[in-house]
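Asks: Could you work out the structure for the sequence below:
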Amino acid sequence: MTYTLEIQVEELRAELSNTVDAGERREIQTELECAQAELAIIVAERDGHLEAEPPF
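Replies: Numbers count the residues shown, from 1 in each chain. Down below sits the predicted model:
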(Lines give C-alpha, C1' and ligand atoms only; values in the text may rest on other atoms or scores of the structure.)
Protein backbone atom coordinates (compact mmCIF):
# COMPACT_ATOMS: atom_id res chain seq x y z
CA MET A 1 0.00 0.00 0.00
CA THR A 2 2.72 2.47 0.85
CA TYR A 3 4.57 1.78 -2.39
CA THR A 4 1.46 2.62 -4.40
CA LEU A 5 0.98 5.85 -2.45
CA GLU A 6 4.64 6.77 -2.86
CA ILE A 7 4.30 6.32 -6.63
CA GLN A 8 1.10 8.37 -6.64
CA VAL A 9 2.82 11.19 -4.71
CA GLU A 10 5.71 11.23 -7.18
CA GLU A 11 3.34 11.26 -10.16
CA LEU A 12 1.32 14.12 -8.66
CA ARG A 13 4.50 16.10 -8.00
CA ALA A 14 5.57 15.64 -11.62
CA GLU A 15 2.12 16.58 -12.87
CA LEU A 16 2.07 19.64 -10.62
CA SER A 17 5.40 20.87 -11.93
CA ASN A 18 4.14 20.64 -15.53
CA THR A 19 0.73 22.25 -14.99
CA VAL A 20 0.09 25.79 -16.19
CA ASP A 21 -3.65 26.19 -15.52
CA ALA A 22 -4.32 27.64 -12.04
CA GLY A 23 -7.50 25.64 -11.44
CA GLU A 24 -5.90 22.38 -12.42
CA ARG A 25 -2.88 23.26 -10.31
CA ARG A 26 -5.05 23.75 -7.20
CA GLU A 27 -6.80 20.43 -7.86
CA ILE A 28 -3.51 18.56 -8.21
CA GLN A 29 -2.10 20.28 -5.12
CA THR A 30 -5.13 19.15 -3.10
CA GLU A 31 -4.77 15.57 -4.36
CA LEU A 32 -1.06 15.67 -3.53
CA GLU A 33 -1.69 16.91 0.01
CA CYS A 34 -4.29 14.17 0.60
CA ALA A 35 -1.96 11.45 -0.70
CA GLN A 36 0.91 12.75 1.45
CA ALA A 37 -1.32 12.83 4.54
CA GLU A 38 -2.56 9.30 3.90
CA LEU A 39 1.02 8.09 3.45
CA ALA A 40 2.11 9.82 6.67
CA ILE A 41 -0.69 8.12 8.62
CA ILE A 42 0.16 4.67 7.23
CA VAL A 43 3.85 5.13 8.04
CA ALA A 44 3.06 6.38 11.56
CA GLU A 45 0.77 3.40 12.20
CA ARG A 46 3.37 1.01 10.85
CA ASP A 47 6.13 2.50 13.00
CA GLY A 48 3.96 2.47 16.14
CA HIS A 49 3.73 6.24 16.47
CA LEU A 50 -0.02 6.21 15.97
CA GLU A 51 -2.68 3.83 17.22
CA ALA A 52 -4.90 2.43 14.49
CA GLU A 53 -7.68 1.67 16.95
CA PRO A 54 -9.87 4.35 18.55
CA PRO A 55 -9.06 5.05 22.21
CA PHE A 56 -12.41 3.78 23.54
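
Asks: contacting residues around residue 39?
Replies: Contact partners of residue 39, counting by C-beta atoms under 8 Å, 6 or more residues apart in numbering, are 2, 5-6, 9. Heads up, the C-betas are built off the backbone N, CA and C, glycines and all.

Asks: and the residues you listed as a markdown table, adding secondary structure?
Replies: Formatted as a markdown table, the contacts of residue 39 follow (DSSP: H, G, I helix; E, B strand; the rest coil):
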| residue | secondary structure |
| --- | --- |
| 2 | helix |
| 5 | helix |
| 6 | helix |
| 9 | helix |
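
Asks: Could you check how far residue 15 is from residue 46?
Replies: The gap separating residue 15 from residue 46 is 27 Å, by C-beta to C-beta, to the nearest Å.

Asks: where along this protein do the helices fall?
Replies: For the chain, the helices defined by DSSP state H occupy 2-17, 22-46.

Asks: Dump those helices into a markdown table; add mean pLDDT as well.
Replies: Formatted as a markdown table, the helices of the chain follow (pLDDT from 0 to 100):
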| stretch | mean pLDDT |
| --- | --- |
| helix 2-17 | 95 |
| helix 22-46 | 94 |
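
Asks: So residue 29 is in contact with residue 17, correct?
Replies: No: taking C-beta atoms under 8 Å as the definition, residue 29 is not a contact partner of residue 17, at 11.2 Å.

Asks: In terms of neighbours, single out the busier of those two.
Replies: residue 29 (13 against 9; other C-beta atoms under 10 Å).

Asks: Pull up the gap between the more buried one and residue 9, please.
Replies: In terms of C-beta to C-beta, residue 29 sits 12 Å off from residue 9.

Asks: ditto for residue 35
Replies: 5 Å.

Asks: more crowded one of those two?
Replies: residue 35 (20 against 17).
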